[in-house]
Each structure stands twice: as structure tokens, then as C-alpha cells.
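Student: Predicted coordinates and the sequence they were generated for:
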Amino acid sequence: NDHLTGEGTGDLNGVPLMFTWEENFSSGDYYSTRVGVRGTLDEGGRERLRLVTPDWMSGPIAVSATFLGNEFDFESAEVRADLTAAQADIDLINFVKEPGERVSGVGKIDFLDGGAVTISDMHIEGLGTEILGEFALDDAGRLISASFPIVRFGENSDFGLELDAPNEQIPSWRLYGHAMDATRIFFDDDPVEGDGAVEDGDEVETVDAANVVEQDIAPISLDLELETVAVREGVALRDVAFRYVIEENERLTDFHLDAMGPGDGTIVGRFGEEDTIRTLTISSDQAGDFVEAFTGFPSLRDGEILVE
């Protein structure tokens, strides 16, 4: 006999699963071992099966997978996953999935030396959600690269995404396409107290714009090329070209912004450094729209604004 088969329930690397197994002794088959498994895996179960998930995803995932390899040394796996019970939260793109929201996915996992993995041919879909692309995780589950030509979810998110984040280097993100919800980048969206009007005798705080941009920000390089960027509920910029680089020690090293909006005006932002003097300039020819969009302050109308 040139092969053996088996099926049943069992324990694989400490995880209870239903399984099928086929061992092929024929030299004509590239993979001698095929193991199909079905079960629900928590973080610990996924780790034991080398189904590493990124740190922004947690909770149980119902999985159906076929592992391919030789003599139980697996090289890849074809996976179907029900993500309904899982939760996910990615601040940068304002993606939030709560447990109970029906989402499923498929993909191919390649297991690399040292515990790293790549996930290709990935397609995630659910009510109002579609994500298509590939990504790679290191042995600790850290996202080190990604390419998603289709990312659609919610009312304000329809874009493509590229990420390059080698170990010990600043992660470089590029988002491009139709629309992005950036409300969590700019605000917690706390309401403005009172009517927002400035009365005689009120104190007006003066701030250093460069320090505001750098406050409590991890190193990142971010490029946006988007038709629409939502900055607050009901408020968006248009035709956005934006570049933003924060290096170690929260040091701003590049800032470049060209956009229309939020009304009929334009917004221009530039960063410069000369002889240790660093300047960040943001200007708009519609001061009222600009201030309301980025502060929620509603009582200024028209005019021009220059922030340095």
C-alpha cells in the first residue's frame, strides 16, 4: 500500500480538534503529509499550531485548515476561518470589529524558518467588509509587511494599503485610493463645551505646532494619496496628498500636506529645518472651516489662518 489514511478527533499540539490524515509514500507527490483539521482556536491554540495572528486581533476563531508537508514537517496550510467571535482594532485606519459581527476569511499560510509566516491569497468578507491581499508576520506575530489592494469597511473606508516594517526600522505605511476614516488619528471626538464662542477676557493658549504633532506618537512614516479623508464626523478633506514622518524620541522629520476642504478652501502644510531651527507651517484660505474641522470650534467664519 502506498498511503495511509485516518480520521477522528484528537489532540494536536495540545489543541482538541477533529482531523483527517493522509500519508502518501509515493515519490510522485511533492507533499507526503496532508492533515485536515477543524476546531475553534484561541490565541494559545493558534500559537501551538503556528497559526500566528497579529497583535490587533484576539478572541476565538473557528478554523478549517489543510496542512501540507513531509513527515509532519509542515510547509504551508490552506485555511478557512470564521471570524465572527473574534475582535480586531486597528487605530491607524479606524478599523474596529466587535465579537458577533459576521466575518469570514480564506488564505494560504507559508511557514518560514524560525516561526515567521506569510499569508497570501487572503480574502476577508462580511457585512459591509471586504479585504483582499497578503501580509507577513515575524515569529512574535508582529506585522512586518502587507499589501492590500482592496480594503473596504464602514461608510468612509475604501482604499488600498502598503506596509513595510522590517525589524528595528520605522514602519512605512502608504494608503491610497478613494476614502479613509482618519477620525481616530486626529481626535477622540470629545464635544466642545458651551457654544464655542470666545468672550472678552477669555485666555487663549498659544502652543508650539511641531510639539503638538509629535506628542505621544510612536515612530512612523505615513503617506496618504486619497480622494477623501474624514477628520471628524461629517467633516472631510478632499484630494489629499500627505506625508508624515516621526522618528525615534518623537522627533518630527517630515510633514507635507496639500488638500482641499473642509469647505471651499485649500490647506497647505510644510515642515522645514535649518541650522537646528525646526518649523512647521499649516495654512488655509478658509480659516473658519479649518478651525472647526480640527478643533470643533464653530464660531469663526471665513478669513485666513497661518499656524507656525
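Tutor: Perfect, thanks for sending it.
Student: drop to CA atoms for contacts and neighbour counts, all remaining ones
Tutor: Noted.
Student: Check whether residue 88 really touches residue 101, as I assumed.
Tutor: No: the criterion here is CA atoms under 8 Å, and residue 88 misses it with residue 101 at 10.8 Å.
Student: Could you list the low-pLDDT ranges of the stretch 151-300 of the chain?
Tutor: Counting by pLDDT under 70, the stretch 151-300 of the chain contains low-confidence ranges at 186-217, 287-300.
Student: More neighbours: which of residue 88 and residue 101?
Tutor: Applying other CA atoms under 10 Å to residue 88 and residue 101 shows that residue 88 carries more neighbours, namely 17 against 14.
Student: who's in contact with the spatially most central residue of the chain?
Tutor: For the chain, residue 90 is the residue whose C-alpha lies nearest the centre (CA atoms, centre = their mean; 4.9 Å). Shown in contact with residue 90 (CA atoms under 8 Å, 6 or more residues apart in numbering): 56, 96.
Student: okay, it: pLDDT?
Tutor: pLDDT, residue 90: 86.
Student: ok, which stretches of the protein are helices?
Tutor: Along the chain, the stretches classed as helices by DSSP state H are 43-48, 183-186, 209-214, 287-295.
Student: rewinding a little: ok, the residue nearest to the centre of the chain to residue 182 distance?
Tutor: Distance check for residue 90 against residue 182: by CA to CA, to the nearest Å, it reads 11 Å.
Student: Measure how buried the closest residue to residue 7 other than its chain neighbours is and give me the count.
Tutor: Of all residues beyond its chain neighbours, the one nearest residue 7 is residue 20 (4.1 Å), with distances taken as CA to CA, 6 or more residues apart in numbering. Summarising burial for residue 20: neighbours were counted as other CA under 10 Å, giving 16.
Student: thinking residue 20 is in contact with residue 10, fair?
Tutor: No: using CA under 8 Å, residue 20 is not in contact with residue 10, being 10.0 Å away.
Student: now the stretch 1-150 of the chain, which segments are flagged as low pLDDT?
Tutor: 1, 12-14, 27-29, 50-53.
Student: so where do the strands sit in it?
Tutor: 3-12, 15-24, 33-41, 57-58, 61-70, 73-82, 87-90, 95-97, 103-111, 117-126, 129-137, 143-153 (DSSP state E, counting those that start in this stretch).
Student: who does the longest one pair up with?
Tutor: The reference is to strand 143-153. Applying DSSP bridges to the sheet, strand 143-153 is found paired with strand 129-137 (antiparallel), strand 157-164 (antiparallel).
Student: who does the residue nearest to residue 7 bridge with?
Tutor: Going by DSSP bridges, residue 20 forms beta bridges with residue 7, residue 36.
Student: any idea how far residue 113 is from it?
Tutor: The value you get for residue 20 to residue 113, if CA to CA is used, is 26 Å.
Student: Residue 131 too?
Tutor: Taken as CA to CA, the span from residue 131 to residue 113 is 27 Å.
Student: Between these two, point out the one with more neighbours.
Tutor: residue 131 (20 against 9).
Student: which non-adjacent residue is nearest that one?
Tutor: That would be residue 151: by CA to CA, 6+ apart, it lies 4.6 Å from residue 131.
Student: And for residue 146?
Tutor: residue 135 (4.0 Å).
Student: from what I can see the one you found touches residue 116, true?
Tutor: No: using CA under 8 Å, residue 135 is not in contact with residue 116; the gap is 11.3 Å.
Student: Chain neighbours aside, what residue packs nearest to residue 230?
Tutor: Residue 230 sits nearest to residue 236 (CA to CA, 6+ apart), 4.1 Å away.
Student: quick one: the one you found from residue 179, how far?
Tutor: When residue 236 is compared with residue 179 (using CA to CA), they lie 10 Å apart.
Student: what's the overlap in contacts for these two?
Tutor: 228-230.
Student: Let's have those in a markdown table, adding distance to residue 78 and neighbour count.
Tutor: Below are the shared contacts of residue 236 and residue 179 laid out as a markdown table (distance: CA to CA, whole Å; neighbours: other CA atoms under 10 Å):
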| residue | distance to residue 78 | neighbour count |
| --- | --- | --- |
| 228 | 36 | 22 |
| 229 | 36 | 24 |
| 230 | 37 | 21 |
